[in-house]
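Student: my questions are about this predicted structure, shown below with the sequence.
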Amino acid sequence: MAVQVVGCSLMTSDLTPHQAKSVGIGGWVVSFLPGRTLTTEQATAALQAAEAVAAVNALACQVGLTALETVGLATQESPWGEPDRHDGLRRFWRRGRLER
């Protein structure tokens with residue numbers, strides 16, 4: 001679910017235990033970024049990143065890895081290179097089906 005603002009002073013999410021708290025004059029502090037004061041947009045982005053980590057963690061568990069291992073391995077260049085293009089069009093898997 002999306003990041004929610006509670007009473008103009010707290011940002012929460014149901015996907016992560018991390019939160020952001022208002023410190024006044026448009027400033028926010030995020031639980032996993034202590035010592036930094038962020039804008040509203042930055043705090044929202046930080047919580048969305050925490051949500052993305054929670055999603056990666058759930059997927060990583062399915063293949064027996066941690067979220068950090070998954071991100072580290074997935075950011076490496078593929079040893080197989082780019083897929084061959086047989087018909088001049090690049091194909092993508094989306095929502096369980098092949099699209100051109």
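Tutor: That came in fine, so what should we check first? Residues are numbered from 1 along each chain as shown.

Student: what number of residues lie near L47?
Tutor: Number of residues near L47 (other CB atoms under 10 Å) recorded here: 25. Any C-beta I mention is one placed from the backbone N, CA and C, and that applies to glycine too.

Student: what is the neighbour count of the nearest residue to it once chain neighbours are set aside?
Tutor: Distance criterion CB to CB, 6 or more residues apart in numbering; nearest residue to L47, sequence neighbours excluded, is V3 at 4.6 Å. Residues lying near V3 (other CB under 10 Å) number 20.

Student: downstream neighbour of the helix or strand hosting Q42 in the secondary structure list?
Tutor: Q42 is located in helix 40-62, with elements delineated by DSSP states H and E. For helix 40-62, the following helix or strand on the C-terminal side (DSSP H and E) is helix 67-74.

Student: I'd like to know which elements that next one is packed against.
Tutor: On a contact count with 3 or more CB pairs under 8 Å, 6 or more residues apart in numbering; DSSP states H and E, helix 67-74 meets helix 40-62.

Student: need phi/psi at the residue nearest to L47.
Tutor: The phi/psi pair for V3 (degrees, to the nearest 10) reads phi -70, psi 140.
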